[in-house]
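Participant: Provided below are the primary sequence and the corresponding predicted coordinates.
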Amino acid sequence: MKPIHAVHAWAALALIAACHLDQLVNGPGGSGGGGGGSPPPPTSGNLKVTTSTTGSNLDPDGYTVTVDGTHGQSIATNNSTGVTFTGLGAGSHDVVLSGVAANCTVSGGATQTATVTASQTATLPFSVSCSATTGDLTVTTSTTGSDLDPDGYTVTIDGTNSQPIGSNNSTGVTFTG
């Protein structure tokens, strides 16, 4: 057996170290790719929610938008720029618009589904319509038959507001409010 010279031993160790360094930097299989391949594709995206509210007696304090029951943000009744939820997983998400006044309805329902695509921003518009909470009521009378009541009637609204009305009053009496 021949002795190994120190120069040959150092050369062998340098070669082994270089191979290990190449695998650490470039991954198995050699150069080009850092870790053996491309980085994984993104798996999340964003969701922008907007609101448009029309009608009378709009909700004065706005709404709350919740995604999948956990992410909640306040949003104004008319917010065309919207609020954005970031980092949502790609796929379908349940979106709820809550805090809607009793005189308002949400087109398509207060719970809707949004589909988020990886690396994209999906937009979900909520359309809300509100109706007046007060108004005027006009009551008319038309009485037929014999032996009509000469004093007419009394009309009562909500058990508290009363007005007299004739037995044949085509112009009626009006309750405001």
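Facilitator: Thanks, I have the structure now.
Participant: how does the protein divide into domains?
Facilitator: 1-39, 44-130, 137-175 (automatic domain parsing).
Participant: Ranking the ones you listed by mean neighbour count, which comes first?
Facilitator: Stretch with highest mean neighbour count among those: domain 44-130 (a mean of 16; mean count of other CB atoms under 10 Å). Yep, even glycine has a C-beta here, placed from its N, CA and C like the rest.
Participant: Show me where this structure has its helices.
Facilitator: Remark: helices assigned in the chain by DSSP state H are 6-26.
Participant: Can you list the residue ranges for strands in it?
Facilitator: In the chain, the strands defined using DSSP state E lie at 44-55, 63-67, 71-75, 79-89, 91-98, 104-106, 111-116, 121-130, 137-139, 153-157, 161-165, 173-175.
Participant: Tyr153 bridge partners, please.
Facilitator: Judged by DSSP bridges, the bridge partners of Tyr153 are Ile165.
Participant: Spit out the contact partners of it.
Facilitator: Listed by CB atoms under 8 Å, 6 or more residues apart in numbering, the contact set of Tyr153 reads Thr141, Pro164, Ile165, Gly166, Ser167.
Participant: So it versus Thr140, what's the distance?
Facilitator: Remark: distance between Tyr153 and Thr140 (CB to CB, to the nearest Å) = 11 Å.
Participant: Ok, Thr176 next?
Facilitator: Separation of Thr176 from Thr140 (CB to CB): 16 Å.
Participant: Please apply the same query to Ile157.
Facilitator: Counting by CB to CB, the gap between Ile157 and Thr140 amounts to 14 Å.
Participant: do the same with Phe126
Facilitator: Counting by CB to CB, the gap from Phe126 to Thr140 is 41 Å.
Participant: Check the nearest residue to Val128 once chain neighbours are set aside and give its pLDDT.
Facilitator: Computed as CB to CB, 6 or more residues apart in numbering, the closest residue to Val128 that is not its neighbour in sequence is Thr53, at 4.2 Å. For Thr53, the model assigns a pLDDT of 98.
Participant: which residues are contacting stretch 52-65?
Facilitator: Against stretch 52-65 from outside (CB under 8 Å, 6+ apart): 49, 51, 72-78, 80, 83, 95-101, 103-104, 125-133.
Participant: next one: it to chain centre, how far?
Facilitator: Put simply, stretch 52-65 sits 14 Å off its chain's centre (CA atoms, centre = their mean, to the nearest Å).
Participant: One more: stretch 114-130?
Facilitator: 7 Å.
Participant: For it, C-alpha coordinates in PDB please.
Facilitator: This file holds the C-alpha atoms of stretch 114-130, laid out as PDB (Å, rounded to 0.1, in the frame of the first residue of the first chain):
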ATOM      1  CA  ALA A 114     -67.100  35.200  -4.200                       C
ATOM      2  CA  THR A 115     -64.500  33.300  -6.100                       C
ATOM      3  CA  VAL A 116     -60.900  34.300  -5.500                       C
ATOM      4  CA  THR A 117     -58.200  33.500  -8.000                       C
ATOM      5  CA  ALA A 118     -54.600  33.200  -7.000                       C
ATOM      6  CA  SER A 119     -52.600  36.400  -7.600                       C
ATOM      7  CA  GLN A 120     -55.800  38.300  -8.600                       C
ATOM      8  CA  THR A 121     -58.300  40.700  -6.900                       C
ATOM      9  CA  ALA A 122     -61.900  39.600  -7.300                       C
ATOM     10  CA  THR A 123     -64.700  42.200  -6.800                       C
ATOM     11  CA  LEU A 124     -68.000  41.600  -5.200                       C
ATOM     12  CA  PRO A 125     -70.600  44.500  -5.400                       C
ATOM     13  CA  PHE A 126     -73.500  44.600  -2.900                       C
ATOM     14  CA  SER A 127     -76.500  46.500  -4.100                       C
ATOM     15  CA  VAL A 128     -78.900  47.700  -1.300                       C
ATOM     16  CA  SER A 129     -82.300  49.300  -1.700                       C
ATOM     17  CA  CYS A 130     -84.000  51.200   1.100                       C
END
